[in-house]
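**Student:** A predicted structure for the sequence below; I have some questions about it.
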Amino acid sequence: MRENRIRTIWGQGEAAINGWLAIPSSLSAETMAHQGFDSLVIDLQHGLIDYQTAVTMLQAISTTVVTPMTRVPWLEPGIIMKLLDAGTYGIICPMVNSREEAETFVGACRYAPKGYRSFGPLRALMYAGGDYPQKANDTVLTFAMIETAKALANLDSIVSTPGLDAVYIGPSDLSLSLGCEPRLDPVDPKVVAAIERILDAATKRGIKAGIHCASAAYAQKMIALGFRFTTVMSDNQGLITAARATLGAMRQGATKTA
């Protein structure tokens with residue numbers, strides 16, 4: 001069974017550095033994979049990616065040792081199972097608001113007797129190896145997104161769900177739900193307190209906590225706080241940032257020359 005490097009990194013007591021894929025392109029996925037991220041998440045919720053394109057992106061990522069992961073559009077077992085069969089090694093599920101939803105999510109990711117995942121790992125067998133059926137339950141990662149006031153109210157019961165490996169904070173939706181401005185790298189005291197509460201609850205239950213960040217500085221701060229999975233860059237945002245910086249330098253140079 002091919003290793004899940006995120007589990008290996010966690011076993012060493014370290015934090016994983018994750019990149020984000022929103023552009024529906026196997027080439028951009030392959031390019032990002034060759035930059036050295038520990039993992040890459042293919043975003044089917046807010047990215048522009050459909051299932052078939054996600055499969056080609058998983059194939060592109062597998063040209064490297066980077067761990068392939070996916071954020072599904074919603075808590076819908078069918079798409080979760082299809083992406084697992086396609087070879088993703090981790091699922092991030094948005095808007096998990098209760099213990100019941102967390103159990104439904106985890107169950108879709110695990111073969112019986114630990115869950116109700118249907119058997120048919122077509123590409124996963126090629127990617128992971130012939131012993132995938134025996135080891136998938138202990139290899140695939142489950143991340144429940146905590147991003148609402150309702151989830152906060154049910155936090156202790158969610159993080160105690162058997163088989164849940166981690167929680168993942170979506171700061172923008174969490175901020176909105178708490179009546180604050182939606183943004184990454186939040187500084188509002190109410191949101192910061194909620195983030196720290198989620199981290200504390202996860203840590204006490206022995207599971208990991210991840211968070212979506214806009215900057216390396218904020219991600220490093222979150223790692224120091226105790227987060228063991230931080231997203232620091234998306235392909236789309238990286239393209240925007242690089243283009244703006246290059247164009248700004250060119251415009252400034254042209255003005256000085258004139």
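**Tutor:** Looks like it arrived, so ask away. Everything numeric in this text was worked out from a predicted model, so none of it was measured. Residues are numbered from 1 along each chain as shown.
**Student:** Thr142 looks like it's in a strand, true?
**Tutor:** Yes: according to DSSP: H, G, I helix; E, B strand; the rest coil, Thr142 belongs to a strand.
**Student:** Met145 belongs to a strand?
**Tutor:** Yes: secondary structure of Met145 (three-state DSSP): part of a strand.
**Student:** so who does it touch?
**Tutor:** Ile92, Cys93, Pro94, Met95, Val96, Val167, Tyr168, Ile169, Gly170 (Cβ atoms under 8 Å, 6 or more residues apart in numbering). (Glycine included, C-beta is placed from N, CA and C.)
**Student:** Low-confidence stretches in the stretch 151-258 of the chain?
**Tutor:** Scanning the stretch 151-258 of the chain for pLDDT under 70 picks out 255-258.
**Student:** Okay, strands next: where are they in it?
**Tutor:** 166-169, 208-212, 229-234 (DSSP state E, counting those that start in this stretch).
**Student:** which helices and strands sit right next to the shortest one?
**Tutor:** Helices and strands touching strand 166-169, by 3 or more Cβ pairs under 8 Å, 6 or more residues apart in numbering; DSSP states H and E, are strand 141-146, helix 189-204, strand 208-212.
**Student:** Describe which strands that strand pairs with in its sheet and in which direction.
**Tutor:** When sheet partners are counted by DSSP bridges, strand 166-169 sits next to strand 141-146 (parallel), strand 208-212 (parallel).
**Student:** Using CSV, write down the CA coordinates of it.
**Tutor:** What follows is strand 166-169, C-alpha atoms only, in CSV (Å, rounded to 0.1, in the frame of the first residue of the first chain):
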residue,chain,number,x,y,z
ALA,A,166,-9.2,15.6,11.6
VAL,A,167,-11.2,18.8,11.5
TYR,A,168,-10.6,21.6,9.0
ILE,A,169,-11.5,25.2,9.6
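**Student:** outside of that strand, which residues touch it?
**Tutor:** Outside strand 166-169, the residues touching it (Cβ under 8 Å, 6+ apart) are 92, 141-147, 158-159, 195, 198, 202, 207-212, 228-229.
**Student:** just how off-centre is stretch 151-161 within its chain?
**Tutor:** 19 Å (Cα atoms, centre = their mean, to the nearest Å).
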